[in-house]
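# pasting a predicted model and its sequence here:
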Amino acid sequence: MADIIALDHINVTFKTGKDTTVKAVQDVSLHVEKGDVYGVVGYSGAGKSTLVRTINLLQPPTSGRVEINGTVLFDGDQQVVSNKELQEKRRKIGMIFQHFNLLDETTVIENVTFALKHSDLDEEAALKKAQNLLDLVGLGDKAQSYPVQLSGGEKQRVAIARALANDPDILISDEATSALDPQTTNQILDLLKDLNEKLAVTIVLITHEMEAVKRVANKIAVMEHGVVIEQGSLREIYLRPQQELTRQFVGGSLAAMDTLKAYDLEHLSDEERLYQLVFSSKNVSESVIQALYKEVGVDVSMLYGNVEVLGNEPVGTLFVIIKGTTEQHAASVTYLKDQGIEVTEIDEGGIWHD
Ligand SMILES: Nc1ncnc2c1ncn2[C@@H]1O[C@H](COP(=O)(O)OP(=O)(O)OP(=O)(O)O)[C@@H](O)[C@H]1O
């Protein structure tokens, strides 16, 4: 599949004072293929919004190259398309935001038709299209309502309908579910996934919530301090997180964190060590624990277990204490890795370490 978004060596530096700057994005390259749901994950201030805003040059890079759907928009330190061409390109990139950004004084359907004001459609055709889009997002009966009469989830649906008005190739979601409750969040995420499949719209999803990415994304990039520290397929990153922060996100369900924080590692005897095991559906946990006892002769006790569904595939995480000699620990790790299980030993500088 061809890249629909190719960001190469993007830098964004803000001047914050006479002699001070913030390097919000540093040498980031990100390639998104047509049809991807690409999650950009990181804590607040990591540079996610700034990076993603370079896609449509709402935030021009300080340097780098931006190519969208085969057209280079920016190269080196300058825009290389005319402003008119950029406006046209921007219409093919829809955006939704945390706070919906709806026009409160106008009805739901007017909010959607507003986005069509530069299109060739006459008023009747624009209204028809807007109504179809509202039907598509499940709000067909709210066309004449005002935003204030809608719930947060409904407002976000209006924003999605509006973002789709010009048949975009790309939809950027900037923390679009962050203000919503968990159930509504899931409904909006499922809607995005559905639109990705039905309309073949490529989605870039910025979030600080791994749960959101896990539900819908097929690829992710993890950002920290303006740098992409890890990127790849969701499955690969979940199963083999290389970076500390990624492991925090991946193993970061609150229950796991709390369990592990509550567990005082000082209680471990010299023979005991704590491990995180990440396994896919092909290597089921129970048999692995039994096999460890049989094959290596170690005792294994389970502290925390969790199975998550990534896309359609179940992926499990276990936190276990293995008790044995140094040789048995080495043999256990080798055995587990041979089974295709990701093994991380957790010590005082462990994966949940703040
Ligand atoms: N216009 C600006 N001027 C100066 N600094 C900025 C500007 N925009 C962003 N920054 C800084 O750049 C860094 C990255 O911000 P950015 O909003 O991209 O992060 P983020 O990961 O999207 O976080 P959040 O979700 O909180 O917005 C932060 O340190 C922020 O303060």
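Now that the structure is in, tell me what you want to look at. Numbers count the residues shown, from 1 in each chain.

# burial count for Q144?
Neighbour count for Q144, taken as other C-beta atoms under 10 Å: 10. C-beta: built from backbone N, CA, C; applies to glycine.

# per-residue confidence at it?
For Q144, the pLDDT comes out at 97.

# these two touch, right, it and E110?
No. In terms of C-beta atoms under 8 Å, Q144 does not count as a neighbour of E110; the distance is 9.3 Å.

# how is the protein carved up into domains?
With the TED database serving as the domain definition, the record reports that the chain contains domains spanning 3-241, 251-346.

# out of the ones you listed, nearest to the ligand?
domain 3-241 (3.2 Å; C-beta to the nearest ligand atom).

# that closest one near the ligand at all?
Yes. Legend: contact between domain 3-241 and the ligand by C-beta under 6 Å from any ligand atom is shown at 14, 16, 22, 24, 42, 44-50, 175.

# okay, how far is it across that domain, tip to tip?
Across its full length, domain 3-241 reaches 24 Å end to end, with C-alpha to C-alpha, to the nearest Å as the criterion.

# any idea how far it is from the middle of the chain?
Here the centre of domain 3-241 is set off from its chain's centre by 12 Å, with C-alpha atoms, centre = their mean, to the nearest Å.

# list the contacts of the closest residue in space to K193 that isn't next to it in sequence.
Ranked by C-beta to C-beta, 6 or more residues apart in numbering and with sequence neighbours excluded, the top spatial neighbour of K193 is V216, at 4.5 Å. Under the criterion of C-beta atoms under 8 Å, 6 or more residues apart in numbering, the contact list for V216 reads V37, G39, L189, D190, L192, K193, N196, I203, L205.

# so which pair among those residues is furthest apart in space?
Within the contacts of V216, G39 and D190 form the most distant pair, 15.0 Å apart (C-beta to C-beta).

# give me the more crowded residue out of the two.
Of the pair G39 and D190, G39 is the one with more neighbours under other C-beta under 10 Å, namely 28 against 12.

# that one contacts S233, doesn't it?
No. Judged on C-beta under 8 Å, G39 makes no contact with S233 at a distance of 10.9 Å.

# number of residues surrounding T107?
Neighbour count of T107, defined by other C-beta under 10 Å: 17.

# my guess is it contacts Q144, does it?
Yes. Contact status for T107 versus Q144: in contact at 5.4 Å, counting by C-beta under 8 Å.

# that's a helix at L318, yeah?
No. Following the definition DSSP: H, G, I helix; E, B strand; the rest coil, L318 is strand and is not counted among the residues of a helix.

# quick check: the closest residue to it other than its chain neighbours vs V320, distance?
Nearest-residue entry for L318: L277, 4.4 Å, with adjacent residues in sequence omitted and distances by C-beta to C-beta, 6+ apart. In this structure, L277 and V320 are 6 Å apart, going by C-beta to C-beta, to the nearest Å.

# assign R162 to helix, strand or coil.
Assigned state for R162: helix (three-state reduction, three-state DSSP).

# quick check, pLDDT for it.
Each residue has a pLDDT score; the one for R162 is 97.

# likewise for L277?
With respect to pLDDT, L277 has a value of 86.

# same question for the one 3 residues further on.
S280 carries a pLDDT score of 74 in this model.

# that one bridge partners, please.
According to DSSP bridges, the partner residues bridging S280 are V315.

# ok, and the most crowded of the contacts of V216?
Within these, most neighbours by other C-beta under 10 Å means L205, with 30 neighbours.

# wait, doesn't it sit right on S173?
Yes. Proximity of L205 to S173 meets the contact threshold set by C-beta under 8 Å, at 4.7 Å.

# need the residues touching each of the two.
Common contacts of L205 and S173, defined by C-beta under 8 Å, 6+ apart, comprise L192.

# if we can go back for a sec, common neighbours of G39 and S233, please.
Overlap between the neighbourhoods of G39 and S233 consists of K219, taking contacts as C-beta under 8 Å, 6+ apart.

# with adjacent residues omitted, what lies nearest to A24?
Using C-beta to C-beta, 6+ apart and skipping residues adjacent in sequence, the residue nearest A24 is T50, 4.3 Å away.

# and the gap between the one you found and L274?
The gap separating T50 from L274 is 38 Å, by C-beta to C-beta.

# next: Y335.
With distances defined as C-beta to C-beta, the gap from Y335 to L274 amounts to 17 Å.

# I5 against V32, yeah?
Yes. At 4.0 Å, I5 and V32 qualify as touching, with contact defined as C-beta under 8 Å.

# between the two, which contacts overlap?
Between them, I5 and V32 share these contacting residues under C-beta under 8 Å, 6+ apart: Y38, T202, V204.

# can you redo the residues you listed as JSON lines with distance to P61?
JSON lines is the format used below for those (distance: C-beta to C-beta, whole Å):
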{"residue": "Y38", "distance to P61": "18"}
{"residue": "T202", "distance to P61": "20"}
{"residue": "V204", "distance to P61": "16"}
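
# out of those residues, which end up buried?
The neighbour count (16 or more other C-beta atoms under 10 Å) marks Y38, T202, V204 as buried among these.
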